[in-house]
Each structure stands twice: as structure tokens, then as C-alpha cells.
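[1] next one to model:
(2 chains)
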There are 2 protein chains.
Amino acid sequence: MKKSAGAKTYLYPTPVLVVGTYDIKDKPNLVTIAWGGICCSKPPCIAISLRKATYTYGSIVQRKAFSVNIASDALCKTVDYIGLVSGKDTNKFKDCNLTAIKSEIIDAPLVKEFPLSLECKLIHTLEIGLHTQFIGEILDVKAEESILDDNGRISTELLKPFVFTPGDRNYYETGAKIGDAFAIGKNLRE
Amino acid sequence: MKKSAGAKTYLYPTPVLVVGTYDIKDKPNLVTIAWGGICCSKPPCIAISLRKATYTYGSIVQRKAFSVNIASDALCKTVDYIGLVSGKDTNKFKDCNLTAIKSEIIDAPLVKEFPLSLECKLIHTLEIGLHTQFIGEILDVKAEESILDDNGRISTELLKPFVFTPGDRNYYETGAKIGDAFAIGKNLRE
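    Numbers count the residues shown, from 1 in each chain, chains lettered A, B, ... in the order given. This is a model prediction of the structure:
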């Protein structure tokens, strides 16, 4: 018997996305968000949602580009800090000893110390309510060599991404592999 | 030094969403997707993306409602199966010995055996490319008592949600708790 928990944003779990932008004065900025996800395979697109009150909101409207950076779990404290303070008041790259890398294909910075970066060009903006959804076409994915396996493919075990849980507001590591997707369910009816 | 991995949907990780709908003949159906996420806090909304070729696509267009069900990792094989076959050809609830519960507030079924269900009313449809994005307002969240802690709150440890990784196409358990969100980063500058 299921009990009502109310009209809440209780998705378990969500990814932890660190969005990179330049402001009007070319200062690189970052914000940590959990409201987002892949929204199309062709073209490859990612949706991220931001409140108008955030500093990043104005930068995306202006520069029409953003990066989505994924940190390893060892950088969880840094990622949390990035979500707690505003780029209006401080330079988060300096605060966190992070390095902004200039992208060659989008007008937004990547984070050198985070092993995975998606370079996104804004293609849709949708007002939903408190949040505005920005859809970015993923023009390229940049991965550190340290997270590539012997075949040159990105390894989840080497990347060590972490997740957020909205209800209890915790961060969790990625645990053990359970199985191969599009495979382990094949023999369910046999 | 980051290397290019191409224009890919490489978000690490994504949630595993089992979307419930009724078809035109009131047959309950399910599909497993990874393209989705929370997109607004007020009203609480979730975005899910589907290809037009899926059976669920037509059901959402017609019934203007869907549920998003989260399974515990023990049901990973079932969830994978639900993503491999089409509701055109089979009754996935029967195939998997799952029970469709009628929602009292939306025109879509919930899955009894999955401990968490979000009841969503369609409020936006956005054509992106291969995928169409459906935004649902979350009217209520229903949770099994088995995943509630002593204070009646949803516990990630009891829910045991799992994730998908698009690059290597694996499922992973939720691992150990790393820290409290909006908290562990507070003293970064001290």
C-alpha cells in the first residue's frame, strides 16, 4: 500500500551537474544543479533548469552556450560549495582552485579538474514556472585520459560520478555494477 | 588534457525511469527510459523524452498523463526487460508479474511492486529531434511504507534506486553516502 508524500520533486537519484558559463565581463562562472538530464539522442541534447534569480541564468541567455561538467566523488565538497554561493558575489574558480579552460567550439568555459565536460550550444528555452529549462545541443564531449579504459572508452569506475537525492538531500557514490543494460532482461520470459 | 569523445549523450549517470501509461484500449503499459529528469520546483515537474516510434508516445499524447516509477535494484532485470520489448506486441505487466494500480488523480497506472511512483499530468510537449520531450506536473508522489524511515521520510538506503550509464550501457547500484548536500561545502574557504 503506497502512501502519499505530496507533490514533490522526488526523483531518486538525480545527476550532479556543474554548469559552466561566461558572464557579460567574460568572468568564468559555475553553478551546481540537479534539475536536468539528457532529452534527445539526435541531435544529442541535454536539458538543464535554472531559476531566473541565478547568476548563470543571465549568462546563458546572453552567451547562448554552457558546459556541463561531471566531477569525481573526491570533489564532492567543491561541487557542493559551487551550489551554495553566487557568481554575482565571488569567483568560484578562484575560491575552489579550479582552472577554466577555454572551449574551442562553444562560448563557455570547461573545468580542467573535472574529468568529463559536455560542450553545449543553446537551442531551446522553455519557461515552466519557478525554473526555466535550457536545452543545449551537445556539440562535443571532452574526457580526461585518466577516465579512459584500455580501449579508450570512458569508464564509470574510473570517473566515479556521484548522485544527489532530492528528498533527503544527500550525495551518494556510484556503487557496484549490477548488470549490462539492454541485455540482462533478455531472458526474463524464459 | 581532455580528449574529444564526439557529440554523444554521455551523462554520468542517468536515473532509470519506468513510465506507466494506458493505451487507447485501457491496457496498462510500461517503458524504461533514461532520458529525463526534474525540470522545475514550482510547480514540481519532470521531463521525459520518447521517440515517436514507441508505443508509450501515442498513449501520452492521447491520455495526457503518465506515471514515473522507480524500482529497487533487485528488480533491475525486470526493468531492463521493460525497455527491450514493445507494448504493441505484449502486455509487460503480465510478462513481469507486475500489478497495475489505478491512480485516483491521473489517467495512468502505477506499478505496485515498485516502491516509488510519481503521478504526472502532461503540461508541455516539445519536439526536439529524434525525441519528443513531455513535461509532466508531479501532482503527487506515492511511496511504499517499506521505504519510509522512522520519521516517515523516504530513505534512499531503503529504496535502493539504481542508475544507468549511457557510454558503457551499464546499471550500477547506489553506493555509500558521501555527505549532506547544501552542507558539506560550507566550510570550503575556511
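[2] looking at chain A, which strand is longest?
    The longest strand of chain A (DSSP state E) is strand A:131-144.
[3] sheet partners, orientation included, of that strand?
    Sheet pairing of strand A:131-144 (DSSP bridges) gives strand A:45-51 (antiparallel), strand A:116-127 (antiparallel), strand B:2-6 (antiparallel).
[4] residues contacting the last one, please?
    The contact list for strand B:2-6 (CB atoms under 8 Å, 6 or more residues apart in numbering or on different chains) reads A:101, A:110, A:112, A:117, A:140-145, A:148, A:154, B:167. Any C-beta I mention is one placed from the backbone N, CA and C, and that applies to glycine too.
[5] okay, buried residues for it please.
    Across strand B:2-6, burial judged by 16 or more other CB atoms under 10 Å in any protein chain shown covers B:2, B:5.
[6] for chain A, what spans make up the helices?
    A:55-63, A:76-84, A:92-95, A:156-159 (DSSP state H).
[7] which of the contacts of strand B:2-6 are buried? Put it as a PyMOL command.
    Buried residues among the contacts of strand B:2-6 (16+ other CB under 10 Å), as a PyMOL selection:
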select buried, (chain A and resi 101+110+112+117+140+141+142+143+144+148+154) or (chain B and resi 167)
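[8] can you lay out the contacts of strand B:2-6 as TSV showing pLDDT and distance to residue A:34?
    Listed next are the contacts of strand B:2-6 as TSV, based on pLDDT from 0 to 100; distance: CB to CB, whole Å:
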residue	pLDDT	distance to residue A:34
A:101	97	24
A:110	98	20
A:112	98	23
A:117	98	18
A:140	98	24
A:141	98	20
A:142	98	22
A:143	98	22
A:144	97	23
A:145	97	28
A:148	97	26
A:154	97	21
B:167	91	20
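[9] thinking again about what came up before, deepest of the strands paired with strand A:131-144, which one?
    Mean neighbour count (mean count of other CB atoms under 10 Å in any protein chain shown) peaks for strand A:45-51 among these, with a mean of 24.
[10] what's that strand in contact with?
    Applying CB under 8 Å, 6+ apart, the set of residues contacting strand A:45-51 from outside is A:17, A:19, A:31, A:33, A:35-39, A:56-57, A:60, A:66, A:68, A:118, A:120, A:123, A:128, A:130-138, B:9, B:11, B:37-40, B:47, B:128-129, B:133.
[11] as CSV, the strands paired with strand A:131-144 with distance to residue B:90 would be great.
    Converted to CSV, the strands paired with strand A:131-144 look like this (distance: least, CB to CB, whole Å):
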stretch, distance to residue B:90
strand A:45-51, 30
strand A:116-127, 35
strand B:2-6, 35
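[12] can you tell me the number of residues neighbouring the residue nearest to residue A:12 when sequence neighbours are not counted?
    Of all residues not flanking residue A:12 in the chain, residue B:161 sits nearest, at 4.2 Å (CB to CB, 6 or more residues apart in numbering or on different chains). Counted by other CB atoms under 10 Å in any protein chain shown, the residues lying close to residue B:161 total 22.
[13] hmm, back to that, and chain B, which of the helices of chain A is closest to it?
    Proximity to chain B, assessed across the helices of chain A by CB to the nearest CB, is greatest for helix A:76-84 (3.1 Å).
[14] need the residues that contact that closest one.
    Here helix A:76-84 has contacts from A:16, A:18, A:30-33, A:71, A:92, A:95-96, A:98, A:162, A:171, B:178-179, B:181-186, B:188-189, using CB under 8 Å, 6+ apart.
[15] so which of these sit within strands?
    Per DSSP E, the contacts of helix A:76-84 map to strands at A:18, A:30-33, A:162, A:171, B:178-179.
[16] now tabulate these in CSV and tack on pLDDT.
    Formatted as CSV, those follow (pLDDT from 0 to 100):
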residue, pLDDT
A:18, 98
A:30, 98
A:31, 98
A:32, 98
A:33, 98
A:162, 98
A:171, 98
B:178, 97
B:179, 96
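[17] now these as a markdown table including neighbour count?
    Formatted as a markdown table, the ones in strands among the contacts of helix A:76-84 follow (neighbours: other CB atoms under 10 Å in any protein chain shown):
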| residue | neighbour count |
| --- | --- |
| A:18 | 23 |
| A:30 | 28 |
| A:31 | 23 |
| A:32 | 22 |
| A:33 | 24 |
| A:162 | 28 |
| A:171 | 23 |
| B:178 | 18 |
| B:179 | 15 |
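[18] what residues are up against the closest residue to residue A:130 other than its chain neighbours?
    Leaving aside its sequence neighbours, residue A:130 sits nearest to residue B:42 (CB to CB, 6+ apart; 3.9 Å). Contact analysis of residue B:42 by CB under 8 Å, 6+ apart lists A:129-131.
[19] buried subset of those residues, written for PyMOL?
    Per 16+ other CB under 10 Å, the buried members of the contacts of residue B:42 correspond to this PyMOL selection:
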select buried, chain A and resi 129+131
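[20] JSON lines please, covering the contacts of residue B:42 and showing pLDDT.
    Listed next are these as JSON lines, based on pLDDT from 0 to 100:
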{"residue": "A:129", "pLDDT": "98"}
{"residue": "A:130", "pLDDT": "98"}
{"residue": "A:131", "pLDDT": "98"}
